Structures are given as structure tokens and as C-alpha cells.
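Undergrad: Here is my input, please return the structure:
(3 chains)
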Amino acid sequence: MNKIYAIYDDEEILIEGIKKLKSNNVKIHEVYTPFPVHGLDKVLGLKFSRLGVCAFIYGMCGLCFAMLMMGYMMTIDWPQIIGGKPNFSFFDNIPTFIPIMFECTVLFSAHLLALTFMFRSKLFPGAKSRNPDPRTTDDKFLVELHVDDNYNDIINLVKKTNVSEIKTSDDKED
Amino acid sequence: MKKKYWKSIEQTKNNNLELHKEFADKIPIEKIIDNKNNFTASRRDFLKLVGFSTVAATITSCETPITESVPYLVKPEEITPGNANYYATTFDDGYDFASVLIKTREGRPIKIDPNYEARSLYDANSRIQSSLLSLYDSYRLKSPVNQKSKELNISLEDYFRNLNFDLSSNKKTVFLTSSFTSPSLNNIIKDLKLKYPNFEIIFYDPISYSGLLDSYDEMFGVRALPNYRFEKADFIISIGADFLGEWLNFDHSEGYASKRDPDNKMSQHIHFESNMSLSGSNADKRYIIKPSEKVSVLTNLYNIIAKSFGEKQINSQSCKYDAEIKLLAAKLIRSKGKSIVLIDSSDKNLQNLCFKLNMLLGNINKTINIAEPLFIKKGDDNKFNILLNEMLEGKVESLIINDVNLFYNFYDQNKLKKSFKKVNVITQLTLKENETSPFVNYIIPKNHFLESWGDSNPKNGMYTLRQPVINPLFDSIQVEDFLLKLLGNSKNYKDYLKSFWKKSILQSTTNWNQVLHDGFYFSKQKLIINIKNNLDINYTSKNIWLNHSDGGLELLLFANHLGDGKMANIPWLQELPDPINRTCWDNYLCISKNLADNLGLKNKISADGQLDGDIVTIKSGKLELSNIPVFIQPGHSDDTVSLSFGYGRTKSGKSGDNVGVNAFIFYKNFISEYSGIEIIKQETSPHKFASVQLAHTMMGRDIVKEATLKEYKKDKFAGNHPENLHTPEGMKHVENISLWKQHDYNDGHLWNLAIDLNKCTGCGACVTACHIENNVPVVGKSEIRKHRDMHWLRIDRYYSSDMTMEKAESLNEDDNPNNDIGLVKKYKLMEEPSQNPEVVFQPVMCQHCNNAPCETVCPVAATSHSKEGLNHMAYNRCVGTRYCANNCPYKVRRFNWFNYKDNDDFDFNMNDDLGKLVLNPDVTVRARGVMEKCSFCIQNIQKAKLDAKKENRKVKDGDVKIACENACTTGAMVFGDVNDKSSKVHKEKQHERSYNLLASVGTRPNVFYKTKIRNKKDVS
Amino acid sequence: MSHKESHIREPLILGDKSYHDITVDIARPIETKANKWWWLLFGLSLTLFLWGIGCILYTIGKGIGVWGLNKTVGWAWDITNFVWWIGIGHAGTAISAVLLLFRQKWRMAINRSAEAMTIFAVFQAGLFPLIHMGRVWVGYFVFPIPNNFGSLWVNFNSPLLWDVFAISTYLTVSIVFWYLGLIPDFAMLRDRINKNVKPFTQKIYSLLSFGWSGGAKDWQRFESVSLILAGLATPLVFSVHSIVSTDFATAVLPGWHTTIFPPYFVLGALFSGFAMVSTLLLVMRKVLNLEAYVTVKHIEYMNIIIILTGSLVGVAYITELFMAWYSGVEFEQYAFLNRATGPYWWSYAGMMTCNVITPQIFWIKKIRTNLAATFVITIFVNIGMWFERFVIIVTSLHRDFLPSSWTMYVPTFVEVGIFLGTVGFFFVLFLLYSRTFPVIAQAELKSILKSSGEKYKK
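TA: Now for the predicted structure:
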């Protein structure tokens, strides 16, 4: 199985190119860009990311954690008279709990969200970078194709999408 | 064969001797240093030697006299570790007198309380309470010293064996002593006199009352002090006599306070004075005079009254208050037999005149108890002056000085030096070396009063006993034993005392042990005192101007809480702020604002918010005293300056030395008033004062609520109308406004403290009591100057100001626009106290708020509230954010800025092995970085509850005595459980006068105050 | 294309830059040697920092007593500095989060440094609540863990405890937000640096880049994560300073007990934050010659925000005075009169001039767009905001309810030293950052090159 790397100089040409390839139903394995190219996900038909949902769930966990913690510590385990405040009932005393409830919500959802993201995108210290060409983090836009049959047709197809250069996995060896 | 046990596994293997060797090889000294002293040691041997010798040296140099603690082998049946024992005894140092209770723990005296059962003469003022620390003063003399042969630490035996003065010689042997009233000691003296006719005793009071004593002698045939009965007086006129403060060192405040209750026949107190004294500040009306004007005030008053009684008048000169004096005289006549007129003067004749006046008013045996005069002062100026001359003439063989520090408190040092040289042998009996010691031959350490036996006869018919509560800490002797030895009496004083009392004081029926337990005894047989009513008026009038060269600036010398300076080395006293000007670690020349302006003298508030005062020299004739800081005192006479005794010690100890200046230099012929004073400003950098309060007025706030008696009679709530606030549901009382349901304190105890501002005289005994009870650290002058005083209980003092909210309002409202004053100007003026301000005192400690702002803000819950209404403080939980202190509206929380214990920067009793013995084991010594504050003496509350539990009963009202309340003999403070309907404090709380401080903040304190009522009835 | 914008808008990227030029420009500071100005500043900051450490150790060794505090004024420079730094630490997240939500493109050139500043400022701020404790060594008591006997927990009624949560949340979330943004840029550096020339540096950056490869899905996730984080961070920004303000607002002290504190403090924070950002950027764009990216336009935008917040803060001051008068409460009225006319009038005057009057000069476009003027004024604003906190804390404390305990306060060299120390520490961090981190979010910037680049607007 060979890999084809089509490298573009400009995101607009890239988009055009991908469209063309898609229309000739060539399966695009991955696209590497130096910055988020708007509309790319549509062209590639990527699914909507569900990270937002996670964030919400994490936040709710944080909220519950805060309420349980404060309720337990202040009103269940060791209630004290403090400044005459109604410490013997969680709900009478809720105004003083709100700030920390909020903080915990944010704390949980932000951190867990970040972790989830890193987990899903395999980001962690020492992770191996997968972009085939270092210039893709600078100013080049790279489309990676995996093909086994009709290899040449696809090369030609790619050539037609005014691509700046094409690399294939075998000449990537040396 | 002998059975053998293995000492170790090795032994089983090879049974070599090494194992049995118990001690290491000895150090081969001879190898190390051969006889020719060449050093031939191996490195290791040398190190061994060094190590050994260092340790040896260290060990031998460690000498801990008393701190070693030995567990009881056989427990003394009266001591239970952890329980306090109380012993009744007598404090009598010739200056103060009181029958007191000593609290001891594990055999250590740790507190001095009033002995209320004595019913009279039991007031333990700040000085008496603090005297406790003089027991643990590391500067005490450890053993006798022979200064002639320069040998220290001779034994008493040596002293008596070669007693190198001859009692029976034809030259005098004089026993010069501070006042004492001990009958047994008098008896010993009597015997000494019988045995040695040339033996003589002279009494010396540093602050003399000779004039009054002589006058009393002349009027009533006894050399004693009058016993005023303020509890019987409706109308009091004091002419410069600070009877609530230091005057006579007798506690008049209790009787006085008992008549300050507006609900039943409140007394009226008129005060004439030059400086601002405690009595003056408590007076209903205060008139400012110069000291010399006392004469004209008294004579004019006398003349008007004499006239109305058809008595001969005396010649007098008019004074600026004649109009007022007329009114006063009229009122005096109206309240016949129910008034007191008193005057402070060393002039016998003035005192005579004053007695005469009281006689005319029929106060004798009514408000002045002639039958029971006080014997607590004995000093005789003339006799002392004669003695000095005799010494000069070499008529004195030997001098035995007991507890008198002439070289500090006698004005003519040169004369002293000369006369001391002429005396063959001088022996000094003293607690510790002092200014006099360098001029004597022998210094004999004397027992502290807590280490000694004794008795006294403070007042006609009243006898008290002194008993030791701890063994003498050092090789010291008590005066009585010393004299018995002189007498050659083999008996020790304890037995002597007992037998003497059995013989000549106690009735056969009364039990010695009982009296010893009570500490006092009222005897039926007393000497009969009759009035000699033959006072010759002309004679008086002739000499009445004696001592008063008039004209010029006048100087008044007075005593403050340091008294005669004997206890200057006690840091507690030094750090107790003066009740009037709230300044400590200093004495200063008090002058009025006007005078200061005329002389160009200034008091500046420095950038760090402390007081800096110019420094002056005062001069009169040959007498001169310099480096006196000037303190501007509101209500001070414009042509008088005043200076307090008791400071400027040079040989008292680390705390007392070089604090302030020695005013005794000006105490010429024992006269405390001086005229023709010059003040020279010194061009030096200003003096740095250490004041704890510098804002003098209440800024128109409702802090101390006041009303006049007239208003109060009309409306019980006068000056104390309940604080209502606007709420959505209309006006509501602060107590009824709350965001949430309040906690319920109605079952169980709810501890409350009531403070009656009418009874509080501001004396400060409670502050000292609190200081001692709760191990409050002393921080020293520089820290006080940084406003870091640690007192848990303080007494705020406020002056009235000419500018008030109402006045400002009226000024703005009247139609004259140029009267209007703006907001800024108004407040600036309100900061200024009046020329002759009214003064209020307000003790403030932790208010134990039920809605405590401090509790809410502590992140670690180090301070929280108890079911009994106490605001707790968990020291070991505190992280020291100081948020609680910031959020406390009363600013009663105190932070440990440094480590105050075992810290050489704070070299007071907590940095001193001996001094630490005074600490109260029931109270933690706080560490650095934690917050502390009044706990309502929770240790006492818990004790009372435990005792009640053991006896399985409820806690009774009065079971719990907290330190401040217990020290307050006027009964201004009442502590107790408000849930106990029968308790005194419950009654107080219901009273119309009771109010919470800053109630509008909504803190709901458990401390409440009672409105101050002034009796201004028909006096201008 | 869709993201082309109208030509009326001024370009945010000057000169004709290509994607590659941006890469080069951003990478330059890291690849070149530091100039002498950098070393000078760094040396100076380091000295201050060390001096500060000395003062802190001295305090911990002897006790808080070495500061100028007393029984009445329990907080002064310590908490003043705390609030001041926290305030400064607000712009960063505000810029990157709030402006991101509002799709303000001009944020992209500055948010990286703004966030860095935020984080470094919060470090300084966090230091003070710690060292102002009388017993630092038991500082861990403030965390919700039981005491050694098991049952004594923390007190959730205390605003100080809210602070603990607020600040730790704010700090950590800001760091995460910042770092996620950094990942693609680290990746860029990783791929630029030649493995054989600088193997070590290359290793470091590849570690830091977490193996970012810039795949389409990654970018999609990346964008939605930064959007969500922005959404979370925005209320966080407002909450943090609101909570800090409750340290005072929940107290009973006249001058502290005020309901307008939360918004008032947040505004003040943004105000001082933006001022500090401009101050730093003005220096940075010069030193690292990034004039093409941090343009006068950026500075102007920020100055406009400074006028806005400054004026709002002014309104808050007036409101306070009005409320004091209107409340009719004796203590309140005096407290505010004392602020303006009492012994500390100069601090109040300083606050008013620096915070309310000075920023108004920005109404003039000439000044608003003049870098030197901006620099001076922003410095003024920072001073003014320090005074504001000093006024609130010290003048309210030193004269409260009972005149008997009125005192004054003067700082000692130790307090001053600690403050300077934190300033030093802050700049040490920032200078190191400016030489080792991509100081501009180049990936984001590239995405707007075509819409807002000068070259493409021709």
C-alpha cells in the first residue's frame, strides 16, 4: 500500500483540491495544516465534535462535588456556630456556598475537558508527531492519501489540482 | 558451680572480658600531657580530652537555683496538683495596705486577689496585684553582702556573730523604717527600747502625710489618718485630694461607687484641682485651680459656713470661683451631716481648718469615722529631719534601714551622703539592691511578704495576719526575726507572733487557726478617740499661708499607679497605661494647651501615628530637673505643671531603670506643691511617647451613653433610647433584625458581663488582674509605641469636646451664614477636647458577640461560638491571617507579632527562669503568629462547672468569678448566667440603663454597659 | 471567500507578510541571541527578586512584627499588593476569552503575552495571602482537609477560603487555556529547529508540543475546546475579582461593607490589567521588533478600553461617596470623609488623579495613538490602582468604629522589599518567557492573515 502526500501552498487551493478529489471519490486519509482552515471540516465531512457535551457533564460533577463536600463538612460532620450563621442547615446557609460551588464547576469542567481533548487527539509529553512533512506547521498544507490500486490515476488526479509538490511514501524512504 | 547468664549473643561465642567492661577507657591524661607539659597527644586523645573538659566545665557552670522540680514523694495533703489553693494574708509595704487572698498552684503563688471577707481594706489595686512578680524578680538579693570588706554572700550568722556596732553604747542606734502597723513588731521594738535605751525607731514615708497625721493628732489626739465614709456622703467637695486615686492609698472608691447609683439618692461630687486626676475625672463638676488657690477656696468656703453658724471668720483672699463657692456652701449647709469636704495639703493648719469645717457641718462621726481612724501611714517629717541632723553631728552609732530607699526618694542627696558618712555602721534590710545600697555597709536580703509571717493593725479595732505561702527562695530573713536576733531572743518570729496574739489580741474564745484562715480579726477592745474641739482659729489664720510663696508658675507633684516607685521594676505596672492620658513606660510634665502654646512647647503626632513631645528642664532656685518630656493634658490648669513620682529609678532592675525622671528631686520638705517654677525648652530631638490611645473624643458617636441625673429622673431611658433602624417593615429594633433564624441560647448557660459606667472609676485594677490571670505578655515601650499593646482588657478614656453634632447642626441652621461650619471643619473640631472636659471611662474587652464578625471570616474556623455564648479562640488552629482582628468592630483582638516568650528582644518576666514561675498553668502561653483575646476567663468557668458537677448541683450565681470582675472592688462589673433568672447579671440586663456597645452593627454582644449618669443638679 | 472582510477596517498585520514570514518573525526571538537591553532588564529584575526573597525569609524568621502593622491596621501592603497583582492578572484571560467570544480578531496578536502576564501576575498575587499569615508553616490548614484530630474542617463562610478556591481555579484554568494555545506553536518550533544542529532544544520543544501534528480533526477539536474554555474562563474572570472583593464587602467595617464592590473591583481589575498589558507590549514590540504584529491599532483599541473602564471606576468612586452620604450612617460618612480629608488624603488624591482624570486624556486620538504617551499614562494607571487598594484597606482600617483604637500605619523596609521582590519576580518570568516562548499565537494569526493582512487588503 502506498501513501501519497499532496502539498499545497495556500488553503484556498487546498480546499479546491480536496473538493476535486472528493468528487472523484478518492478517500482522503488526513489533512495537515499550519492553522485551522475554515470550512475544511465541512469539505472533509468531519462529524461535529462532542467535547461540549463532556464539558457540561464534567461541570455538573464539579458542582455536585462542591455541594457534597461543603454540606458534609459544615452541616453534617462538624457543625459549629460561626458568626451566628445558620450552619446547621445546608439550604439556609447556601449563599455562602455559592462562590465555591461555581469555582468547582469551572475547575472540573475546564481541566477534565482539556484532558479529554489531549486523550482523544493523543497529545501528551513525548508523543510522536504524525505530520509527514515539517513544513505543515509552517506554511504548507498537506493532504495524505492511502491508495493500493489505480495509483497512477490518483497521482494524475492530484496533479490536476494545481498542487505545489507531490511526495509518495517510497521516495520518502531515502 | 555458679550459674551463669549470658549478657549477649557474643558472650556465647567468646567469653572475653571486653564484654564485661562497663566503663570506657579513662582518658590517658598523662599520655596526653607529660609531666614536662609537652603536648604529646594523639589527635583522638586530644579530642577526647577536649570533649570531656568542655562537658565538665559546662556542667559545673550550670546553676539552676529553684527551677529544678522534684515530684512529691509524699503528697502534702493540702496540695492536689491541678487544684489551686488560696491563702489569706496581708499586703503592707508601708505605701499600700490590703488584706488579700493568694492563689497558689503546686505551691507557687500565681495571683493576688482581694480578700472580700475582710469587708474593709481589701482593695488589691494594680500595685498590690503586681507585687506578686517582685517575688520572682531575678534581681532579688540572694544572700547578705558585707560592703565594707567587699565580701559578697556572707551568711546571716556571720553578720550577727561579729555584729560590729554596739547597741548599748551611748550613741543612738536608729531603726529607720517605712510605715508598718504590726502590733507584734511594735512589741519587739518596745522590748528593744527597754533593753537598749538608745535604740530608736523613725518612720519614713516617701510620700508624706505628716501634715494630715499631725492635724489629726491635734484634733483627736491620735496620729492617724481620717477614715472617710463616702458610702454615707451625699455631697462631696474635694480640694485637690485624689481620693479615688493615690490619696491616702486607701480604697475610697468602693464607698464612693455605692453612692453613684442614680436609682437611690446618688451623691454629688465637686472637685477642685490643678492636674487631671482620677477623682477629678469622675467628678460631676470639676473646677480648675492652681495648687496655691486651694487655700483661698477652703478659707472662703469656711468663712461662708462659719458665718452662717456664727463662728469667727478667718482672713482670706478672694478666688475666681467665689460665686460658685457661695452656691456650694449653701448646698453644704443644706446637706448637713451628709457631706464631706477634703483637701490635700501637707499644711497641718489647712487640714485643721478642713476638720473644723467638717465639724461645723456635723460630718464628724457621720461621714468621717473618728472612732476608727487608719494607722497605715506613720511617717514623721520632723523626726526624720532631726535624725538627719543628729547623724551629721555624729550622734548616731548605727543605722538599720528597713525598706526605705532614701537615695532615690529623698530630695537632698548631698546632705544624705554627708550624714551617712558620719554613721558607724549602716545595715540595709531590703528585697534587692537599690539606689541606697552603695552607701551602706551591710545589705541583708529580706523576705518577700509572700515568704513571711506578720500582723498588722491598719485601723482601730481591725487586726490582720500575714502568713507565708512559699518557702523563702533565697537566704533571706524577715525584719521581725532580724530584730528578735538583735534582741537576743532565741524564739523565731512565728512562735513569737502566735504567742503574742494569744496573749494580747485574741480573746480566749477565738481560735488562732480560724483567724489565720480568715486573715483578719475585728477586736472589741480599741483605743477610745475623743474630739478636742478647741481649735484656735486665729492661730490657724496666722500660719495658714505657710509654704505658699505665691506668684509664678506652679509645680504639682503627684503619684500615679507606680506609686512611690518601689515597684518600678515590675513590667506589668510599667505597661499599664495611665488611666487618664493612656500613656505607659514614662512620666512627663503635664501642662495645659494654652501654657504649651505660650511656651512654644509642642506635642506632635508623628507619621507612624505616635506622640512626640518636646523636652524641657524645670528650675526653681537651686533645684533643677532636666530631660522631662512635655505632655499636653486637657483640663490642666494653665499656670501649673504637674509631674508624677515613681519614675527615674537607676538601680531597680532591667524593667524599671531609666524610665522617666525622678520627681522626688523636687519633693523639698515633703511638700508636693511648688511655685516660681521656670521652664526651659531643651533643643533636643523630641521625646517618643508610648500611648495606647491618641484619639481623645468620641467624635459624636454613641459609644459611652450619658445623661444627667435630672434627665434620668424624668426618663429612665435618658441617653439610652433603643436603637431602631429603618426596615421594609418600618422601624425595628436592631435585636429584631436578622437575615436568618438566630441560634437559640435560652437553655443552658449564657454568660454575660455587665459593666456599670457609673461605678467604674477607671482605676485599672481589672486590667492588671486580666494581665496576670491570662499570661498576657509584656511587649515593652517600643512595641507599645507601634500600637501593639497586648492587653485583653483595656479601659478607653474619652474627653468631651466643645463641638458636638447638635452644636454643628444649630450653627448651620441659624440664619447667620458665617457661623456655618462644613463637614470637614466640624469633624476637625470634634477631635479637639474641651479646655475642661468631662471624662468618661469604658472598659472594653472581647464582647463575645453572638453574631461575631470575627468568627465568620476565619478561613480555618479557629474562632467559633459556644452554646454558652462564648467566643472561643483555638490558638493551635490559628494560621494568623488577622482578618478577625480587622473585622472586629471593638478592636479587642491581639496578635502575637513576635515570639514574646524566651525572646531576648522582649526581656521581661517571660524571658527569665524565675519570672516564668508566675505564669498561670491553666492558660496557654501563646506562640508567635496567633491571634488572642479575652476568653471570659474560661478556665474559671470550667472550674466552677466541674466543681458544681462533682457536688452534683447547678452552677450558682457567683460561682464563676472572672479576673476583671473579681479585681473590681466598686462592683462595676457583674458576671454571670443571664439564663439564670435569679442571677444579678440577669437583673442588670433588664435595667433601663443597660445597652450594647455599637448595637447598630448587629453583633449582639454578651457584654453590656450601663449608661453613665452625671449628677449636675444645681451646680453651675 | 467568506472570511474576507471589508477594506475599511485597518489591517492588523502590516507589511506584506506571507505565512512563512510570520513563522520567521515569531521564531526569531527564540533563535537569536538576547540583546544587552534584555540582559540589563533581566539582571535588574533578578536582583529585586532576590532582595524580595531575603525580606520574605526575614519575615518568616522573626515574625510579622517586622512589618509596620499594628492592633488596628492588620492588613496593609500585603493585601494591597495581593489585590493589585490579582487585578493585573485579569486582562490576560479577559482579552483571550472575552474577546474570543466576541470574535475580536485584534486579540490574536496580544492574547499570548496577555495570558502569560496573567499567569505570572497571579503567581505574585498568590504569594501574599501565603506570607501574610502569622504561621506560614501551618498554611495548609486552609485546604479542606480535617485537622490532626479528624473532625475540624475549614470554614466555608470565610471569603478568604473562597479566595483559596477562586485563585487556584483561576490560576490552573488560565495555565491550561494558555498552554493549549501554545501547543501548535511549539509544534511549529519543533519542526523548524534542525535536529542535527540543536538536538537538545529540538527535544525540549518536541516534548512541549505534545506531538501535535495539525490534522484536520485535531484542529476541529482544538477550536471547539478553546471556544468552550473561553466560555468557562469568561465568568471565571468576573468571579475571581468579585470573590476577592468579598474579602472586604462581607466585612462590617465602614468603607469595606459595600454591595457595589464586586463589579467595582472587576472593572478596576480590567482597567489595571489592560494598562499593564499595554505597558508590557509597548516594550516587547520594540525589543523583539514585532511592530508589524502589535500595531498602533492594537494599542489604540486597548486605550479605548482603558478610557471605558477608567470612567466606570470613576463612577464607582462617586457612587461610594454618594452611598456613604445617603446611608445616613455616622460611621460610613466619617469613613469616606476621612478618606478624602484625613491623614491619608494624599493616597485618595493619588487614586483619583491617576485612575479617573489621567485616562480621560485618551479621548484625544493624537494621544491615544501616541505610544510614548500611552506608555506614561498606563504607568500612571497602574500606580493609581495600587493606591485604590491602599485607600480601601488602610484608610478604612485605621479609623473605624471606636476612636480609642484609631492608629496610623507606615510600612517598613521589609514590606517595601517584598513588594519590589514580586515586581522583580514578575519581570524575571516575563523576560524568560519572551525569549523562549512564541510570544504571538502564530497559528491563529496565520488564520487571519488573509482577512486582516495589509498585503491582502491592497
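Undergrad: Just the pLDDT at the spatially closest residue to residue C:158 that is not a sequence neighbour, thanks.
TA: Of all residues not flanking residue C:158 in the chain, residue B:859 sits nearest, at 4.3 Å (CB to CB, 6 or more residues apart in numbering or on different chains). To be clear about C-beta, it is placed using only N, CA and C from the backbone, and glycine gets the same treatment. According to the prediction, residue B:859 has pLDDT 94.
Undergrad: Am I right that residue B:859 is in contact with residue C:157?
TA: No. Counting by CB atoms under 8 Å, residue B:859 does not reach residue C:157; the two are 9.2 Å apart.
Undergrad: tell me, what residue is most central in chain A?
TA: With distances taken as CA atoms, centre = their mean, chain A has residue A:117 as the residue nearest its mean C-alpha position (5.2 Å).
Undergrad: Can I take it that it is in a strand?
TA: No. Read with DSSP: H, G, I helix; E, B strand; the rest coil, residue A:117 is helix and lies in no strand.
Undergrad: Next secondary structure element downstream of the least confident helix or strand in chain B by mean pLDDT?
TA: Evaluated with mean pLDDT, DSSP states H and E, the helix-and-strand set of chain B has its lowest mean pLDDT in helix B:537-543, which scores a mean of 53. Toward the C-terminus, helix B:537-543 is succeeded by strand B:553-558 as the next helix or strand (DSSP states H and E).
Undergrad: residues contacting the residue nearest to residue C:158?
TA: With contacts defined as CB atoms under 8 Å, 6 or more residues apart in numbering or on different chains, the neighbours of residue B:859 are B:879, B:881, B:883, C:141, C:142, C:154, C:155, C:158, C:160, C:161, C:164.
Undergrad: what does residue B:305 give?
TA: Residues near residue B:305 by CB under 8 Å, 6+ apart: B:311, B:329, B:332, B:333, B:357, B:360, B:361.
Undergrad: Could you report the separation of the second one from chain A?
TA: In other words, residue B:329. Counting by CB to the nearest CB, to the nearest Å, the gap from residue B:329 to chain A is 57 Å.
Undergrad: what about chain B, any weak spots by pLDDT?
TA: For chain B, applying pLDDT under 70 flags the ranges B:1-46, B:48-49, B:52-77, B:150, B:533-551, B:1018-1020.
Undergrad: actually chain C, sorry about that
TA: Those would be C:1-9, C:149-150, C:455-458, if you go by pLDDT under 70 across chain C.
Undergrad: Return the residues of chain B in contact with chain A.
TA: B:740-743, B:849-858, B:861, B:864-867, B:1004 (CB under 8 Å from any CB of the partner chain).
Undergrad: same check, this time on the stretch 51-200 of chain C
TA: Counting by CB under 8 Å from any CB, the stretch 51-200 of chain C sits next to chain A at C:144, C:151-157, C:161-162, C:165-166, C:168-169, C:172-173, C:176-177, C:180, C:183-184, C:187-188, C:190-192.
Undergrad: give me phi/psi at the residue nearest to residue B:599 when sequence neighbours are not counted?
TA: Here the nearest residue to residue B:599 in space, its sequence neighbours aside, is residue B:679; by CB to CB, 6+ apart that works out to 5.8 Å. Backbone torsions for residue B:679, taken as degrees, to the nearest 10, come to phi -120, psi 120.
Undergrad: So what sits opposite residue B:679 in the bridge?
TA: On the basis of DSSP bridges, residue B:679 takes part in beta bridges with residue B:618.
Undergrad: What's the end-to-end length of stretch C:154-161?
TA: End-to-end distance of stretch C:154-161: 8 Å, with CA to CA, to the nearest Å as the criterion.
Undergrad: residues contacting the residue lying closest to residue C:250 once chain neighbours are set aside?
TA: For residue C:250, ignoring the flanking residues on the chain, the nearest one in space by CB to CB, 6+ apart is residue C:159 at 5.2 Å. Residues in contact with residue C:159 (CB under 8 Å, 6+ apart) are B:857, C:243, C:246, C:247, C:249, C:250.
Undergrad: and the residue nearest to the first one when sequence neighbours are not counted, how far is that from residue C:397?
TA: Spatially, and ignoring its direct neighbours in sequence, residue B:857 is nearest to residue B:883 (4.5 Å; CB to CB, 6+ apart). Here the criterion is CB to CB, to the nearest Å. By it, residue B:883 lies 11 Å from residue C:397.
Undergrad: rewinding a little: so which of the residues of the stretch 51-200 of chain C next to chain A are in helices?
TA: Judged by DSSP state H, those include C:161-162, C:165-166, C:168-169, C:172-173, C:176-177, C:180, C:183-184, C:187-188, C:190-192 as members of helices.
Undergrad: Now, of those residues, which are buried?
TA: C:161-162, C:165-166, C:169, C:172-173, C:176-177, C:180, C:183-184, C:187-188, C:190-192 (16 or more other CB atoms under 10 Å in any protein chain shown).
Undergrad: so which of the residues you listed are also by chain B?
TA: Among those, proximity to chain B is found for residue C:161 (CB under 8 Å from any CB).
Undergrad: Show me what residue of chain A gets nearest to chain C.
TA: residue A:127 (2.8 Å; CB to the nearest CB).
Undergrad: What's the separation between that residue and residue C:262?
TA: The gap separating residue A:127 from residue C:262 is 42 Å, by CB to CB.
Undergrad: Repeat that for residue C:38.
TA: Per CB to CB, residue C:38 is found 40 Å from residue C:262.
Undergrad: just residue A:87 next, same as before
TA: Residue A:87 is 24 Å from residue C:262, where distance means CB to CB.
Undergrad: Those two: which is more packed in?
TA: For residue A:87 versus residue C:262, neighbours defined as other CB atoms under 10 Å in any protein chain shown are more numerous around residue A:87 (24 against 18).
Undergrad: For stretch C:359-372, measure first residue to last.
TA: From the first residue to the last, stretch C:359-372 extends over 14 Å; the measure is CA to CA.
Undergrad: what do you get for stretch B:801-809?
TA: With CA to CA as the measure, what separates the two termini of stretch B:801-809 is 15 Å.
Undergrad: Pull the distance from it to the chain's centre.
TA: Distance, stretch centre to chain centre, for stretch B:801-809: 37 Å (CA atoms, centre = their mean, to the nearest Å).
Undergrad: Report the secondary structure state of the closest residue to residue B:843 other than its chain neighbours.
TA: Once flanking residues are discounted, residue B:843 sits nearest to residue B:795: 4.9 Å by CB to CB, 6+ apart. Under the three-state scheme (three-state DSSP), residue B:795 adopts strand.
Undergrad: thinking residue B:795 is in contact with residue B:840, fair?
TA: No. The criterion here is CB under 8 Å, and residue B:795 misses it with residue B:840 at 10.3 Å.
Undergrad: Point out the residues in chain A that sit beside chain B.
TA: Residues of chain A lying close to chain B (CB under 8 Å from any CB) are A:80, A:81, A:82, A:83, A:84, A:85, A:86, A:92.
Undergrad: and the third one, what does it touch?
TA: Just to be clear, that refers to residue A:82. Counting by CB under 8 Å, 6+ apart, residue A:82 touches B:855, B:856, B:858, B:861, B:864, B:865, C:155, C:157.
Undergrad: repeat that for 7 Å
TA: Residue A:82 makes contacts with B:855, B:856, B:861, B:864, B:865, C:155, C:157, as judged by CB atoms under 7 Å, 6 or more residues apart in numbering or on different chains.
Undergrad: residues contacting residue B:998?
TA: By CB under 7 Å, 6+ apart, residue B:998 lies in contact with B:889, C:401.
Undergrad: Name the nearest residue to residue B:991, ignoring sequence neighbours.
TA: The shortest distance from residue B:991 to any residue other than its chain neighbours is 6.4 Å, reached at residue B:1010 (CB to CB, 6+ apart).
Undergrad: The one you found bridge partners, please.
TA: On the basis of DSSP bridges, residue B:1010 is bridged to residue B:756, residue B:994.
Undergrad: same question, residue B:932
TA: Beta-bridge partners, per DSSP bridges, of residue B:932: residue B:894.
Undergrad: Is it in contact with residue B:894, as I believe?
TA: Yes. With contact defined as CB atoms under 7 Å, residue B:932 and residue B:894 form a contacting pair (5.3 Å).
Undergrad: quick one: the strands in chain A?
TA: All strands of chain A, identified by DSSP state E, fall at A:2-8, A:28-32, A:141-147, A:165-168.
Undergrad: Thanks a lot, catch you later.
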